[in-house]
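Chemist: Based on what follows, work out the 3D shape:
(chains A and B)
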Amino acid sequence: MNYLASLSPIYAEMFLLVMVSVILIVDLFIVNYTKTVTYLLTQVALFCTVLILLFTHQPGISHLFNNMFVGDVMSYVLKVFICLAVMAMLLYSRSYLLVRGLFTGEFLALVLFATLGMMVMTSASNFLTLYLGLELLALSLYAMVALQRDSAIATESAMKYFILGAMASGFLLYGMSMLYGATGSLDIARISDVIQNGTANKSLLVFGLAFIVAGLAFKLGAVPFHMWVPDVYHGAPTAMTMFIGTAPKLAAFAFVMRILVEALQPMMIHWAGMLMILAVLSMAVGNITAIAQTNLKRMFAYSTIAHMGFLLIGVLSGTIEGYGAAMFYALVYVLMSLGGFGMIMLLSREGFEADTLNDFKGLNQRSPWLAFMMLLLMFSMAGVPPTVGFYAKFSVLSAAVQAGHIPLVVMAVLFSLIGAFYYLRIVKLMYFDAPESHEKIYIQPDSSLLVSINGMAILLLGIFPNTLMSVCYVSVQQSLLH
Amino acid sequence: MNFETVLFYLFAAVTVFAALRVITARNPLHAVLFLVLAFVSSAGIWLLLEAEFLAIALVLVYVGAVMVLFLFVVMMLDINIEQLRKGFWQWLPLGALLAGLIGVQMVWVLGAEDISAGTAAVKHAADYDNTKELGRLIYTDYVYPFELAAVLLLLAMVAAIALTLRQRRDTKRQDIDKQLKVKREDRVRIVSVPSSRQANAAQDVEASTNGHTAD
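Modeler: Numbering: from 1, shown residues only, chains lettered A, B, ... in the order given. So this is what the prediction gives:
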């Protein structure tokens, strides 16, 4: 019994794995195509995972399984938000997927597998588990994008995603093997110790680091490793795009923290420079290219690239404030991205995708409340106060200023000014243009409630950001103690 | 230079040559066979490292099972080689430039100094059991990644089934279950034909035969 009790930090993952298996079996007996039982079971599983996380949460850092697994505050917080984001994503996308015949038991199982992979990633303290978690996530995402078999564009984007993702994994593995060669260990704490002692081979370390940063940039979608992002975002069914664009970003943040900050902290002078180039290029290419997009999903893809640039600025500041701000930014980005893609799905109906700019023309006349929510989302993405997007950008930039990266901050502000153009263009289309169609917008009560909560959260968090901000600071601070 | 070093360089040279041929072979079938050669010679290198179990598993699983499946797939697919080679020369300069850059860097970093971690491999006695050690490690120190790998395999299975299995409506397939469950009422319709009105009766009979063929 004692052994079982000592496993409490990993109860959530174990529970989720059991539930995936149960759902896979239960789904076999459900003939009904709406899959209500499977859907509810999935939501309950995710909700219970959140509860377990809240109950098993303990202060301090606990290691399990020969240091393969770490339970620290950052991992608990990120896992809770990952589960919540997945729940919201399922709620948003249910009716969208139902009318397209994609709401199958396998889809739900894949979502849960991906969630499990993200949870493994956030609390991995060994390169082996980091990589396995990443593959668990990536493999489910590839399959989810490819689920829409009849659509040529979805198949094409799945193919691109798969090949480029496999290449990125190859880069990561190659870099990890170099680090293993230099330090003789895959354990994150041990790698950090060996590098600190100065016994590791420096040139081999830098060589491995370059591959690792390239692999990470691929996964994050930072320029110049971003080419898959617009195609995949555009080609995949919007629900899958929403999934790729939300919770995995939190896991990716944890991944970056574990590898760069925890394992390779002594190498910071090297990786901070690499990240700086990635950040500037991402913000430039993302924001400028997004202006030319008429498809909203493609525009969001480029805006993601730009947001990832901002997130990297927080990480490369190299202070607790910087990491905390980056975490806050990741959380806020997930919130905005959920709302943005959710809005596309709410306006879509059977056989019609509301994913071009024209579909948003005159939205205010068709549904003032939805238009107002979209206005909040766009303001937040552009970083206009009092929405939370402003505060996220502000905290990242102030951390960078404290770290002395003034030119970088100036460039970031300039590029987000450019970015504000295409976000505000949508606001203009919604409020000042005549609608192209007058079809009545019918949305489910649950998704309409969710979109209201989502928009209000963006507004309220912008006015009272301190609670979430301090959660981020404390979790980063307590997790980097060792 | 002892015999083991000679063997290592031999296997390494064969592996590199085979790997190069995998991507340059014109015929995809030859590429697969060269991949088999690359696996076999890597297994030789693993044997030199005293990883006997892994070497045998590589030959058995990869060469024996996976590559044979690969061969089947390649033979079944009608691959248009011209299509695959389209744009090869167009992209060659860029690819060669990038590969050359990375190659030069690798030689520069890896060739400049002694990069060994400093700990030489320990030679084990003849009765050392590689398989047992591996098993012990997998089920103790590495049990968490081992379980994760199992989950990954389950996921791969679910994903493969989700992507390939779908019921097609346009195929003429017999459903034995349905055939056995059929009742008389499903197939036979009794139509009472009044004899007095000739014209209407003829229409009714026609309708009922049409209905029957549609079933």
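Chemist: So what does the spatially most central residue of chain A have for phi and psi?
Modeler: Per C-alpha atoms, centre = their mean, the C-alpha nearest to the average position across chain A is that of residue A:249, at 1.8 Å. With angles defined as degrees, to the nearest 10, residue A:249 sits at phi -70, psi -30.
Chemist: what residue ranges in chain A score low on pLDDT?
Modeler: Applying pLDDT under 70 to chain A flags residues A:1, A:481-482.
Chemist: can you pull the buried residues of the lengthiest helix in it?
Modeler: Counting residues, the longest helix found in chain A (DSSP state H) is helix A:152-183. Across helix A:152-183, burial judged by 16 or more other C-beta atoms under 10 Å in any protein chain shown covers A:154-155, A:157-162, A:164-165, A:168-169, A:171-172, A:174-176, A:178-179, A:181-183. C-betas here are computed from N, CA, C, even on glycine.
Chemist: got it, and stretch A:6-21?
Modeler: So for stretch A:6-21, counting by 16+ other C-beta under 10 Å, buried means A:8-13, A:15-17, A:19-20.
Chemist: Identify, from these, the entry nearest to chain B.
Modeler: residue A:17 (6.4 Å; C-beta to the nearest C-beta).
Chemist: Remind me which helix or strand the closest one belongs to.
Modeler: helix A:11-28 (DSSP states H and E).
Chemist: Give me the buried positions along the very next helix or strand once past that helix.
Modeler: Once the chain leaves helix A:11-28, the next helix or strand it forms, by DSSP H and E, is helix A:36-56. For helix A:36-56, the neighbour count (16+ other C-beta under 10 Å) marks A:38-39, A:41-43, A:45-46, A:49-50, A:52-53, A:56 as buried.
Chemist: Same check on stretch A:319-335?
Modeler: For stretch A:319-335, by 16+ other C-beta under 10 Å, it's A:321-335.
Chemist: Keeping just the C-alphas, turn that stretch into PDB.
Modeler: Extracted in PDB, the C-alpha atoms of stretch A:319-335 (Å, rounded to 0.1, in the frame of the first residue of the first chain):
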ATOM      1  CA  THR A 319      14.900  35.300 -15.300                       C
ATOM      2  CA  ILE A 320      12.100  33.900 -13.200                       C
ATOM      3  CA  GLU A 321      10.000  36.900 -14.300                       C
ATOM      4  CA  GLY A 322      10.700  36.000 -17.900                       C
ATOM      5  CA  TYR A 323       9.700  32.400 -17.500                       C
ATOM      6  CA  GLY A 324       6.700  33.300 -15.500                       C
ATOM      7  CA  ALA A 325       5.700  35.900 -18.200                       C
ATOM      8  CA  ALA A 326       6.200  33.300 -20.900                       C
ATOM      9  CA  MET A 327       4.000  30.800 -19.100                       C
ATOM     10  CA  PHE A 328       1.300  33.500 -18.600                       C
ATOM     11  CA  TYR A 329       1.600  34.300 -22.300                       C
ATOM     12  CA  ALA A 330       1.100  30.600 -23.200                       C
ATOM     13  CA  LEU A 331      -2.000  30.400 -21.100                       C
ATOM     14  CA  VAL A 332      -3.500  33.600 -22.500                       C
ATOM     15  CA  TYR A 333      -2.600  32.500 -26.000                       C
ATOM     16  CA  VAL A 334      -4.500  29.200 -25.400                       C
ATOM     17  CA  LEU A 335      -7.500  31.100 -24.200                       C
END
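Chemist: Centre of the chain to it, how far?
Modeler: From the chain centre to the centre of stretch A:319-335 is a distance of 12 Å (C-alpha atoms, centre = their mean, to the nearest Å).
Chemist: longest helix anywhere in chain B?
Modeler: Max-length helix for chain B by DSSP H is helix B:88-112.
Chemist: so does the following helix or strand past that helix get close to chain A?
Modeler: Next along the chain after helix B:88-112, taking DSSP H and E as the criterion, comes helix B:130-139. No - applying C-beta under 8 Å from any C-beta of the partner chain, one finds helix B:130-139 out of contact with chain A, separated by at least 9.9 Å.
Chemist: counting contacts, what elements does helix B:130-139 pack onto?
Modeler: Helices and strands touching helix B:130-139, as assessed by 3 or more C-beta pairs under 8 Å, 6 or more residues apart in numbering or on different chains; DSSP states H and E, comprise helix B:52-57.
Chemist: tell me which strands and helices the helix it packs on is in contact with?
Modeler: helix B:28-48, helix B:130-139.
Chemist: For those helices, give me JSON lines that also has mean pLDDT.
Modeler: Formatted as JSON lines, the helices and strands packed on helix B:52-57 follow (pLDDT from 0 to 100):
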{"stretch": "helix B:28-48", "mean pLDDT": "92"}
{"stretch": "helix B:130-139", "mean pLDDT": "89"}
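Chemist: Determine which stretch of the ones you listed is the most buried.
Modeler: Mean neighbour count (mean count of other C-beta atoms under 10 Å in any protein chain shown) peaks for helix B:28-48 among the helices and strands packed on helix B:52-57, with a mean of 18.
Chemist: What helices and strands are in contact with that helix?
Modeler: For helix B:28-48, the packing partners by 3+ C-beta pairs under 8 Å, 6+ apart come out as helix B:3-24, helix B:52-57, helix B:67-76.
Chemist: what does chain A put close to chain B?
Modeler: A:17, A:24, A:64-66, A:68-69, A:104, A:106-107, A:109-110, A:113, A:116, A:120, A:126, A:128-129, A:132-133, A:135-136, A:139-140, A:142-143, A:146-147, A:149, A:181-184, A:199, A:201, A:203-204, A:206-207.
Chemist: Okay, and which of those map to helices?
Modeler: A:17, A:24, A:106-107, A:109-110, A:113, A:116, A:120, A:128-129, A:132-133, A:135-136, A:139-140, A:142-143, A:146, A:181-183, A:203-204, A:206-207.
Chemist: These, buried ones only, as a ChimeraX selection?
Modeler: Selection of buried members from these for ChimeraX, criterion 16+ other C-beta under 10 Å:
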select /A:17,24,106,107,109,110,113,116,120,128,129,132,133,135,136,139,140,142,143,146,181,182,183,204,206,207
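Chemist: Give me the neighbour count for the residue lying closest to residue A:291 once chain neighbours are set aside.
Modeler: Counting by C-beta to C-beta, 6 or more residues apart in numbering or on different chains, residue A:291 lies nearest to residue A:422, which is 5.1 Å off, once chain neighbours are set aside. Neighbour count of residue A:422, defined by other C-beta atoms under 10 Å in any protein chain shown: 22.
Chemist: likewise residue B:126?
Modeler: Look at residue B:126: counted by other C-beta under 10 Å, it has 4 neighbours.
Chemist: which regions of chain B lie under the pLDDT threshold?
Modeler: Ranges of chain B meeting pLDDT under 70: B:1, B:112-121, B:167-170, B:196-215.
Chemist: if we go to 80?
Modeler: B:1, B:78-88, B:109-128, B:166-173, B:175, B:195-215 (pLDDT under 80).
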